[in-house]
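Chemist: below are the sequence and a predicted model for it; my questions follow.
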Amino acid sequence: MTSMMPNHTAPKTTPAHFSGHETFPLRQMWLKKVCHEAINGQISKAIFTNGDAIATFGVGKNMVASIRHWALACGVMYETGDHFTLNSLAYEILKDSGLDPYAENPSTAWLAHWQLAGRCHRSTTWYWLFNHVTAPSFTRQELEEPLARYARQLDPKHRLSASTLSRDLETCLRSYAPRAAGGSPEDFAEPLLGELGLLQEVHKGQYAFRRGPKASLHDGIFAYALVDFWNREADGQSSLAFETIAYADGSPGRVFKLDEESIAQRLIVLSDFSDRKLEWTDSAGLRQVHRKDLSKDDLKNMIRRAYD
């Protein structure tokens with residue numbers, strides 16, 4: 001989940017991706033199912049396509065494809081030649097004796113959300129929605145043309161159908177604000193991201209972000225997201241301005257829909273949380289965070305502390 005997963009870093013420019021989930025939002029136990037199939041940290045690609053796949057994962061054929069998509073999009077596994085390699089921290093979290101074996105801790109959902117909306121790996125619509133949509137409320141139909149324009153900017157040669165974009169938007173919105181009624185029991189299953197309270201359906205078909213403090217967002221996940229963003233967008237800089245943390249594309253402020261006061265409060269406590277490796281300063285109207293000597297192990301430990 002987010003690079004639950006500090007093993008590999010997404011490139012600054014990621015190809016546009018608007019399909020793969022088969023219109024199924026990510027369900028609570030799906031990433032766990034993938035971890036369960038790993039042998040020595042590797043997963044055969046065939047396990048998602050062979051005749052036993054339906055029995056292995058306990059879902060229909062299209063949902064198996066969806067599970068594969070979400071595991072890749074959330075950074076739980078990544079392609080290495082003829083197989084998938086499981087992210088070691090994802091396994092540490094989701095294995096049977098792991099930090100969160102049933103994906104019940106909100107930190108797991110926040111990590112998945114960060115990977116989808118903050119890192120934009122196989123999840124262009126998620127990234128666009130949380131970083132580019134500023135309207136106080138909106139319908140799916142109102143978002144379709146702006147998203148199409150964004151897709152054309154990313155990849156002018158690729159022609160995406162309106163129906164593909166519409167389905168991707170619908171799946172994204174239902175991931176956070178599930179519909180009240182559906183067909184199969186699986187339609188009623190709570191999406192993993194639905195518990196985060198980031199998006200609400202204020203009227204039928206009309207949505208709005210919920211901005212403000214996020215009580216279930218652990219300081220460890222916020223700190224990890226901040227450093228992950230920093231590494232990708234301002235690598236080599238020893239300080240980062242408050243405005244960048246709050247408002248830049250892909251920043252914790254935008255992706256987690258935090259208000260300025262909530263961000264400031266979180267940054268103030270970072271010093272103690274990080275053993276002074278992240279230090280907040282506010283002098284002469286200049287608000288910024290300074291960093292020093294943060295290792296990959298420090299990043300992993302930030303995430304681990306969210307499960308204490």
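Modeler: Received, thanks. Numbers count the residues shown, from 1 in each chain.
Chemist: count of residues packed around Gly118?
Modeler: By other CB atoms under 10 Å, 28 other residues sit near Gly118. Bear in mind the C-beta positions are built from the backbone N, C-alpha and C, glycine included.
Chemist: thought it was touching Leu226?
Modeler: No: at 10.4 Å, Gly118 does not count as touching Leu226 under the criterion of CB atoms under 8 Å.
Chemist: just the pLDDT for Val76.
Modeler: Note for Val76: predicted pLDDT of 96.
Chemist: now name the helix or strand holding Arg254.
Modeler: In the assignment (DSSP states H and E), Arg254 maps to helix 252-255.
Chemist: now whichever helix or strand comes after that helix: buried residues?
Modeler: Once helix 252-255 ends, the next helix or strand along the chain (criterion: DSSP H and E) is helix 260-273. By neighbour count on 16 or more other CB atoms under 10 Å, the buried set for helix 260-273 is Ser262, Ile263, Ala264, Arg266, Leu267, Leu270, Ser271, Phe273.
Chemist: how far away is Arg167 from Ser238?
Modeler: 44 Å (CB to CB, to the nearest Å).
Chemist: of these two, which one has the most company?
Modeler: Arg167 (17 against 10).
Chemist: residue contacts, that one?
Modeler: By CB atoms under 8 Å, 6 or more residues apart in numbering, the contact list for Arg167 reads Ser19, Thr23.
Chemist: in what helix or strand does it lie?
Modeler: helix 162-176.
Chemist: residue ranges with poor pLDDT in the stretch 101-250 of the chain?
Modeler: When residues are selected by pLDDT under 70, those of the stretch 101-250 of the chain lie in 179-189.
Chemist: quick check, Met77 in contact with Ser88.
Modeler: No: here Met77 does not reach Ser88: they are 10.8 Å apart, not a contact under CB under 8 Å.
Chemist: which of the two has more residues huddled nearby?
Modeler: Legend: neighbour count by other CB under 10 Å for Met77 and Ser88, higher for Met77 (25 against 14).
Chemist: can you give me every residue that contacts the more buried one?
Modeler: Counted by CB under 8 Å, 6+ apart, Met77 has contacts Val34, Ala38, Ile43, Ala71, Phe84, Thr85, Leu86, Asn87, Ala90.
Chemist: 10 Å - rerun?
Modeler: Applying CB atoms under 10 Å, 6 or more residues apart in numbering, we find Met77 in contact with 5, 31, 34-35, 37-38, 41-43, 68, 71, 83-87, 90-91.
Chemist: buried residues, the helix or strand harbouring Arg304. List them.
Modeler: In the assignment (DSSP H and E), Arg304 maps to helix 296-305. Buried residues in helix 296-305, counted by 16+ other CB under 10 Å: Asp298, Leu299, Lys300, Asn301, Met302, Ile303, Arg304, Arg305.
Chemist: give me the pLDDT value at the second one.
Modeler: With respect to pLDDT, Leu299 has a value of 91.
Chemist: tell me the phi and psi of Glu79?
Modeler: Backbone dihedrals for Glu79, given as degrees, to the nearest 10, come out at phi -80, psi 130.
Chemist: what distance do you get for it to Lys45?
Modeler: Taken as CB to CB, the span from Glu79 to Lys45 is 8 Å.
Chemist: what about the strands in the chain?
Modeler: Secondary structure of the chain (DSSP state E): strands at 42-44, 77-80, 83-86, 138-139, 199-203, 206-209, 239-241, 278-283, 286-291.
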